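>>> mind looking at a prediction? Sequence and model below.
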Amino acid sequence: MTTSVSELAALIAGPVLTPGQPGYDEEVAGFNAAVRHRPEVVVGASSTEDVVQAVRFARARGCRVAVQSTGHGAHLSVETGLLVTTRRIDLVQVDVAARAATVGAGARWAAVVAAGAPHGLAPIAGSAPSVGVVGFLLGGGIGPLARSHGFGSDYLVGATLVTGTGDIVRTSADDNPDILWALRGGKPRLGIVTEVRLRLVELPALYAGSLLFEETHIEAALRAWIAWTAQADTRVTTSAAIVRFPPLDSVPPPLRGRRLLALRFAYPGDATEGARLAAPLRAIAPVYLDMLDAMPIADVARIFNDPTGPVPAWSSGAMLARADQDFASALLRHVGAGTDGPFRAAEVRHLGEATARDVVGGSAVGGRGALYTFALFGANPTDFATVLPDAEARVVGDLAGWLSPESNGNFAPHPSARRPGSPGATPAVDAKLVDLRRRYDPDRLFD
Ligand SMILES: Cc1cc2nc3c(=O)[nH]c(=O)nc-3n(C[C@H](O)[C@H](O)[C@H](O)COP(=O)(O)OP(=O)(O)OC[C@H]3O[C@@H](n4cnc5c(N)ncnc54)[C@H](O)[C@@H]3O)c2cc1C
């Protein structure tokens, strides 16, 4: 039984570091510059075997295990136990005949998009190609094509998992299908996923991007967009974000220091039909910047223009059962023109259609019954401890009538949010996940 860090280091191909050692700070760093992990040991795993050794070591020492790929999901710092970083497990292999990809735990969406593009194949990814594939899928994954193609996790067809007992378990439709069900969006904490297999789709054309509206038109644009979503074409996915761009030189001059509404649009088809579908949105108010056009899937980052990090980041999300003009009024009171809250951005994404349909074999993802996502973002670290959680509580309190009872792993409340942790998809899903956790992580290393 390996119980000393030096014994563990001898078994691991990648680095094994403790606080103060050269390379430790770089190894634990990730997207969120405001979160600094300080685990007792960090293991830079470069293979499934490294992960097995790390988990067995933690089990023998009775310490907890956390896992980080890119750090896009890091909300609180890891202060104890062992952190496994997966960025070295970065295999991306496309099987053109099967229209599938095998992807390592440390790979980001950008690598899968790039590997599929020469073959006319694309993954159902998120808004930011720098997000990690596995972390995104474990929370469901709501991307620019959510309404036409569903959750990213609907495309997960297999995985390799190192369980809380340090065993390697493979899952697919035929092999341990209950694990596949849980990994499809259930954030199940059964262990560390070291590899996934995904279905890819053909995406020969994409008409996508954003329309930006000035502060004076935010109210009209938000109200018109919400009304438009009630009859939106089933093939189109849109979202609206009210963003306060900081007055910094790093921000492009047309955006610098302004509050704008960004209406994001994605239609997986040709430009003629895309422009026809977008025409009503171009007419809802005078468009300040029109950045909506045909684009290759490789440019998917241009739809949302998310930060690539490292940046200080605070976010808190929820699922909405519906949205209407009263919802718009409530939201505008907090983040509309002239308001002075602490939020860098507030975003509403339209769901439905493909996100409402479960996959063959089922999935644990939360939000099939929801019609929108809602999220608030902060970027000023001095606000993170109390200002943002307090302001978030006021906004969410006012929006309570529109919240869905379902919760989604990637749009969950911030751990510091002043509201109780939401349950997952349904009580039945939660109960099944608890049962799986008992089986695969009996010592609760991943709690
Ligand atoms: C800029 C930005 C844009 C985003 N856009 C979207 C979006 O469009 N749609 C959407 O749905 N979400 C989006 N997200 C949320 C994101 O998908 C989640 O935060 C996701 O968990 C990030 O995964 P990661 O691996 O990149 O991050 P990490 O912080 O490395 O991982 C997050 C968590 O995932 C789990 N995890 C990661 N790897 C493994 C593994 N190998 N085995 C087991 N558990 C693991 C762990 O619990 C870990 O704490 C966005 C986040 C950011 C910051």
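All right, it came through fine.

>>> where does the stretch 101-250 of the chain dip in pLDDT?
Along the stretch 101-250 of the chain, segments meeting pLDDT under 70 are nowhere present.

>>> and the residue of it nearest the ligand?
Minimum separation of the stretch 101-250 of the chain from the ligand (C-beta to the nearest ligand atom) falls at Gly135, amounting to 2.1 Å. (Each C-beta comes from the backbone N, C-alpha and C, glycine too.)

>>> what residues does the stretch 101-250 of the chain put near the ligand?
105, 126-128, 131-132, 134-136, 138-143, 192-193 (C-beta under 6 Å from any ligand atom).

>>> tell me, how many residues neighbour the residue in the stretch 301-447 of the chain that the ligand sits nearest to?
Closest to the ligand within the stretch 301-447 of the chain is Asn410: 3.4 Å, counting by C-beta to the nearest ligand atom. Neighbourhood size, Asn410 [other C-beta atoms under 10 Å]: 28.

>>> circling back: distance of the residue of the stretch 101-250 of the chain closest to the ligand relative to Thr194?
From Gly135 across to Thr194, the span is 13 Å (C-beta to C-beta, to the nearest Å).

>>> which residues does the residue of the stretch 301-447 of the chain closest to the ligand contact?
Applying C-beta atoms under 8 Å, 6 or more residues apart in numbering to Asn410 gives the contacts Gly73, Gly126, Phe136, Gly139, Gly140, Gly141, Ile142, Gly317.

>>> ok, of these, which one's closest to Arg437?
Gly139 (16.4 Å; C-beta to C-beta).

>>> now the helices for the stretch 301-447 of the chain?
Along the stretch 301-447 of the chain, the segments classed as helices by DSSP state H, counting those that start in this stretch run 301-304, 325-335, 387-398, 427-440.

>>> a markdown table for those helices, including mean neighbour count, distance to Arg256 and mean pLDDT?
A markdown table is the format used below for those (neighbours: other C-beta atoms under 10 Å; distance: least, C-beta to C-beta, whole Å; pLDDT from 0 to 100):
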| stretch | mean neighbour count | distance to Arg256 | mean pLDDT |
| --- | --- | --- | --- |
| helix 301-304 | 20 | 19 | 95 |
| helix 325-335 | 17 | 19 | 98 |
| helix 387-398 | 18 | 23 | 97 |
| helix 427-440 | 15 | 45 | 96 |
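
>>> can those helices go into JSON lines with extra columns for distance to Val365?
Shown next, in JSON lines, are those (distance: least, C-beta to C-beta, whole Å):
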{"stretch": "helix 301-304", "distance to Val365": "21"}
{"stretch": "helix 325-335", "distance to Val365": "24"}
{"stretch": "helix 387-398", "distance to Val365": "22"}
{"stretch": "helix 427-440", "distance to Val365": "9"}
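
>>> can you put those helices in TSV and add distance to the ligand?
Formatted as TSV, the helices of the stretch 301-447 of the chain follow (distance: least, C-beta to the nearest ligand atom, whole Å):
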stretch	distance to the ligand
helix 301-304	7
helix 325-335	19
helix 387-398	15
helix 427-440	12
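
>>> what's the closest of the ones you listed to Asp167?
Going by C-beta to C-beta, the one of these nearest Asp167 is helix 427-440, 8.5 Å.

>>> how far off centre is that closest one?
Remark: helix 427-440 is offset 22 Å from the chain centroid, using C-alpha atoms, centre = their mean, to the nearest Å.

>>> CA atoms of it as PDB?
What follows is helix 427-440, C-alpha atoms only, in PDB (Å, rounded to 0.1, in the frame of the first residue of the first chain):
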ATOM      1  CA  PRO A 427     -35.900  13.200  -7.000                       C
ATOM      2  CA  ALA A 428     -35.800   9.800  -8.800                       C
ATOM      3  CA  VAL A 429     -32.700  10.800 -10.700                       C
ATOM      4  CA  ASP A 430     -31.100  12.100  -7.500                       C
ATOM      5  CA  ALA A 431     -31.900   8.800  -5.700                       C
ATOM      6  CA  LYS A 432     -30.400   6.700  -8.400                       C
ATOM      7  CA  LEU A 433     -27.200   8.900  -8.400                       C
ATOM      8  CA  VAL A 434     -26.900   8.400  -4.600                       C
ATOM      9  CA  ASP A 435     -27.200   4.700  -5.100                       C
ATOM     10  CA  LEU A 436     -24.500   4.600  -7.800                       C
ATOM     11  CA  ARG A 437     -22.200   6.800  -5.600                       C
ATOM     12  CA  ARG A 438     -22.500   4.200  -2.800                       C
ATOM     13  CA  ARG A 439     -21.400   1.500  -5.200                       C
ATOM     14  CA  TYR A 440     -18.600   3.200  -7.000                       C
END
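
>>> and the closest residue to Thr160 other than its chain neighbours, what does it touch?
With sequence-adjacent residues excluded and distances taken as C-beta to C-beta, 6 or more residues apart in numbering, Thr160 is closest to Glu195, at 4.4 Å. Taking C-beta under 8 Å, 6+ apart, we find Glu195 in contact with Thr48, Ile89, Leu91, Thr102, Val103, Gly104, Ala105, Ala159, Thr160.

>>> of those, which is the nearest to Asp270?
Val103 (29.1 Å).

>>> and the closest one, that one's in a helix?
No - counting by DSSP: H, G, I helix; E, B strand; the rest coil, Val103 falls outside a helix, being strand.

>>> who wins for most neighbours among the contacts of Asn410?
With neighbours taken as other C-beta under 10 Å, the top of these is Ile142, carrying 31 neighbours.

>>> circling back to that earlier point, any idea how far Thr238 is from the residue of the stretch 301-447 of the chain closest to the ligand?
Asn410 is 18 Å from Thr238, by C-beta to C-beta.

>>> same question, Gly44
Gly44 is 40 Å from Thr238, by C-beta to C-beta.

>>> and for Glu219?
18 Å.

>>> so these two - more neighbours on which side?
Between Glu219 and Thr238, counted using other C-beta under 10 Å, the more crowded position is Thr238 (25 against 18).

>>> beta partners for the more buried one?
Thr238 has these beta-bridge partners by DSSP bridges: Phe265.

>>> tell me who's in contact with the residue of the stretch 101-250 of the chain closest to the ligand.
Taking C-beta under 8 Å, 6+ apart, we find Gly135 in contact with Ser69, Thr70, His72, Gly73.
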